[in-house]
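Colleague: Got a sequence here, can you model it:
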Amino acid sequence: MNVPKLSLEKPHFPVMLKEVIKVCTPENGGSFIDCTFGGGGYSKELLKFSNTKVIALDRDKVVIEKAKKIENKYLNRFSFYHEKFSNLDKVVKKDEKVDAIIFDLGVSTFQLSDMSRGFSFKSKEKIDMNMGLSSISAENVLNNLDERNLKLIIKIFGDESEANKIVKNIIKARKIKRITKVFELVEIIEKSKKKNYKKKINVCTKTFQALRIFVNQETTELIEGIIKATKVIKTGGKIIIVSFHSIEDKIVKFYFTNHSQNKSKSSRYFPDEEKNDTILFENYKNRLLTPSKEEIELNPPSRSAKLRFATRNDKNFIHSDEIKIKFKKYLDLESHNA
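Modeller: Residues are numbered from 1 along each chain as shown. Model prediction:
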């Protein structure tokens, strides 16, 4: 199987790099996990500091060659795993003292710019959207999934108000001919949207986002990943998450707040006596960082980024299903197989 090459034509901008490094405090040395290696921006910056060690993961095989170059340069200080971050506990040794774990969520710039991947609505290629290690593609979803669940995917994951009309036209089109190319879906969406649509974003953005989230089970991955990160991080270690859309940020904010020592409200899912057992972070002050004006000018896609972080306390990890109950509709929807 041919592996597309990671494009180096466009510069790679790790989102909110300065803010991430400031929270990590690598000047003190330590062990770090980069859960979304991508172009290697966070990993390379952390390795510039002496006495640092980085474990990196990425589900996309395109980045493997780039990771090997860093492994060769830093020898015993850097290791890479072609793995989803929902399995990060499998690559961390039991005695590893992890100082910080970083997640940079969503689709990467090089994935968007590679037209063969089908993430961009500017592409004329196959409509794939598989970030790696996923069993389905957007083509499978569009042509095989039932009408009801297809509507739910686009409505819930894309927040698309005209999901019903878009899906009706998808169903009509696929009865005539299998939808295989990006431009075919673009034409269906443009035909479905109201002609007076004057939003700043492209009419296809929400539907494409919804399909990508479903194909890659992004909410399931995030929830599993954040739970595993809490399990392996050391006392005083930080979990740092950069998110790009409201569903991601909602999940992160809920998890950090709900398991914080300064949580004020009792759980609606668990009795009060169990509350102290699930407090896993020091006082969470709803820390929200956003990109600087300078960064947005240099890298416009960063404008929607939100960075939140929480510090692990000294309590033993006790798994709670509260977050899975809270976001059950997303998990159930992603469990449907196309």
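Colleague: Need the per-residue pLDDT for Asn283.
Modeller: pLDDT recorded at Asn283 is 87.
Colleague: My error: substitute Leu17 in the last question.
Modeller: For Leu17, the predicted pLDDT is 98.
Colleague: Number of residues surrounding it?
Modeller: Here the count is done by other Cβ atoms under 10 Å, and Leu17 has 18 residues near it. In this view, the C-beta of every residue, glycine as well, is placed from N, C-alpha and C.
Colleague: need the contact list for it.
Modeller: By Cβ atoms under 8 Å, 6 or more residues apart in numbering, the residues touching Leu17 are 41-42, 45.
Colleague: So what's the model's average confidence on stretch 166-185?
Modeller: Mean per-residue pLDDT for stretch 166-185: 98.
Colleague: Then stretch 210-230?
Modeller: For stretch 210-230, the mean confidence score works out to 98.
Colleague: just stretch 57-69 next, same as before
Modeller: Stretch 57-69 carries an average pLDDT of 97.
Colleague: Equivalent analysis for stretch 119-130, please.
Modeller: 96.
Colleague: Tell me which residues are up against that stretch.
Modeller: Under Cβ under 8 Å, 6+ apart, the answer for stretch 119-130 is 107, 111-113, 115-118, 136-139, 142, 179-186, 202, 204-205, 208, 211-212, 215-216.
Colleague: same deal with stretch 318-337?
Modeller: Under the contact criterion Cβ under 8 Å, 6+ apart, stretch 318-337 has outside partners 136, 145, 149, 152-153, 156-157, 213-214, 217-220, 223, 226-227, 231, 247, 250-251, 254-255, 258-259, 267, 269-270, 277-278, 280.
Colleague: Give me the PyMOL select line for these, limited to the buried ones.
Modeller: Buried residues among those (16 or more other Cβ atoms under 10 Å), as a PyMOL selection:
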select buried, resi 136+145+152+153+156+157+213+214+217+218+219+220+223+226+227+247+251+255+258+259+267+278+280
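Colleague: Which of the contacts of stretch 318-337 fall in helices?
Modeller: Those of the contacts of stretch 318-337 mapping onto helices are 149, 152, 213-214, 218-220, 223, 226-227, 231, 247, 250-251, 254-255, 258, per DSSP state H.
Colleague: Glu221 and Ile240: what is the separation?
Modeller: 17 Å (Cβ to Cβ, to the nearest Å).
Colleague: same check, this time on Phe80
Modeller: From Phe80 to Ile240 the distance is 19 Å (Cβ to Cβ).
Colleague: just the helices in the stretch 101-250 of the chain please.
Modeller: Along the stretch 101-250 of the chain, counting by DSSP state H, counting those that start in this stretch, helices occupy 109-113, 138-144, 147-152, 158, 163-176, 182-192, 205-215, 218-232, 246-258.
Colleague: So which of these is nearest Ala100?
Modeller: Proximity to Ala100 (Cβ to Cβ) singles out helix 218-232 among the helices of the stretch 101-250 of the chain, at 9.8 Å.
Colleague: Check which residues of the lowest-mean-pLDDT helix or strand in the chain are buried.
Modeller: None of the helices or strands of the chain scores lower by mean pLDDT, DSSP states H and E than helix 109-113, at a mean of 92. By neighbour count on 16+ other Cβ under 10 Å, the buried set for helix 109-113 is 109-111.
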